[in-house]
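Visitor: just a sequence and a predicted model for now, questions to come.
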Amino acid sequence: MSKIPATVITGFLGAGKTSLIRHLLENAEGRRIALIINEFGELGIDREVLLGCAVDGCSEDDVVELANGCICCTVADDFLPTLQKLLDRPNPPQHIVIETSGLALPKPLVQAFNWPEVKRRVTVDGVVTVVDGAAVAAGRFADDPFAVAAQRAEDPSLDHDNPLEEVFEDQLLCADLVILNKRDLLDDAGTAQARALISATIRGSVKIVEASRGVLSASVLLGLNAAAEDDLQQRPSHHDGEEGHDHDDFDSFSVSVGTIADPSLLIARIETAMAVHDILRIKGFVDVAGKPFRAVIQGVGGRIEQYFDRAWKPHENRSSRLVVIGVKGIDQAAITRALAA
């Protein structure tokens, strides 16, 4: 029997992975696709966003969520049992798409496909890394080399690590295809700069494809036939040789903001908080007074998006909660006060 192909979609926080998957589901061309969605933090948002778009053929049973932890750290406990359940269905999926959290390292996940009970039934069709082109062009994932050199001159023993850069590079180094997303936010010079920075990291055979809002044909994303689990030695990682990997460099917490009378005022508070504090990502659902629909808030890099995705269900708790992700030591109390003001 032929193996079921699986596509791993990775990329840093806010790169546009969920938008890419949503467009893929809306244009699946008859493919029976199952999703495994992983999020960093206690509150799952992406699964609800995908289900809120009401795509034909995408039922709640087809979207499985692994919340409160990065998939790269919980492969044996969470991911493998979930994958087995999908494979053991009477009518298993034709393709499996796995969305990692924005802080996950893809290589440990790809390694899991070499487990005997999985390897005979599934293959990694490809690792697709989604990149926020505007963030890359702005230098979000790279330190100023002159500033680092000056710091080391002051203190030669300085051990300088940039956790954002490490995660970003690991996601690129494992890629079979890179999606340079948010092209609509870049001019030609910015696009060229982002391409150059990405090309300096990826393997020579890896292609870069441009996209806006994750709009790409399924034929571009699926059918790469990479069998990524068979060439792991060609996919280096900053964490090769380590016993494990944790995410102590990052914090995640949720904030309840109550019913909102004017979403523009909440967005203004979010923009201020993102400017004052080093917030990497903010997202969640909001109850807007007098509106029958649920509002979605998405924020990254100072850019905030708000839209209504679906009607609140009967007897559903119309709560307003936002997930905030930032570097370790982020001032949770101050951010909570700012958002809930």
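Guide: Now that the structure is in, tell me what you want to look at.

Visitor: the residue lying closest to residue 3 once chain neighbours are set aside: helix or strand, and which one exactly?
Guide: Residue nearest to residue 3 in three dimensions, not counting chain neighbours: residue 123, with 4.4 Å by Cβ to Cβ, 6 or more residues apart in numbering. Placement of C-beta: from N, CA and C, glycine included. Under the criterion DSSP states H and E, the helix or strand holding residue 123 is strand 122-132.

Visitor: for the helix or strand just after that strand, name the packing helices and strands.
Guide: In the C-terminal direction, the helix or strand that comes right after strand 122-132 (DSSP H and E) is helix 133-137. Here helix 133-137 is seen to pack against helix 188-199 when contacts are counted using 3 or more Cβ pairs under 8 Å, 6 or more residues apart in numbering; DSSP states H and E.

Visitor: what pairs with the helix or strand following the helix it packs on, parallel or antiparallel?
Guide: Using DSSP H and E, the next helix or strand after helix 188-199 towards the C-terminus is strand 207-210. Take DSSP bridges as the rule and strand 207-210 pairs in its sheet with strand 177-181 (parallel).

Visitor: quick one: the helices in the stretch 151-300 of the chain?
Guide: Using DSSP state H, counting those that start in this stretch, the helices assigned to the stretch 151-300 of the chain run over residues 163-173, 188-199, 218-221, 263-276.

Visitor: buried stuff in the longest one?
Guide: Put plainly, it is helix 263-276. Buried positions in helix 263-276, judged by neighbour count with 16 or more other Cβ atoms under 10 Å: 263, 266, 267, 269, 270, 273, 274.

Visitor: skip the chain neighbours and tell me the closest residue to the last one.
Guide: Which is residue 274. Using Cβ to Cβ, 6+ apart and skipping the chain neighbours, the partner closest in space to residue 274 is residue 302 (5.6 Å).

Visitor: so what's the residue count around that neighbour?
Guide: Residue 302 has 13 neighbouring residues, counting by other Cβ atoms under 10 Å.

Visitor: what residues are up against it?
Guide: In this structure, residue 302 makes contact with 271, 274, 275, judged by Cβ atoms under 8 Å, 6 or more residues apart in numbering.
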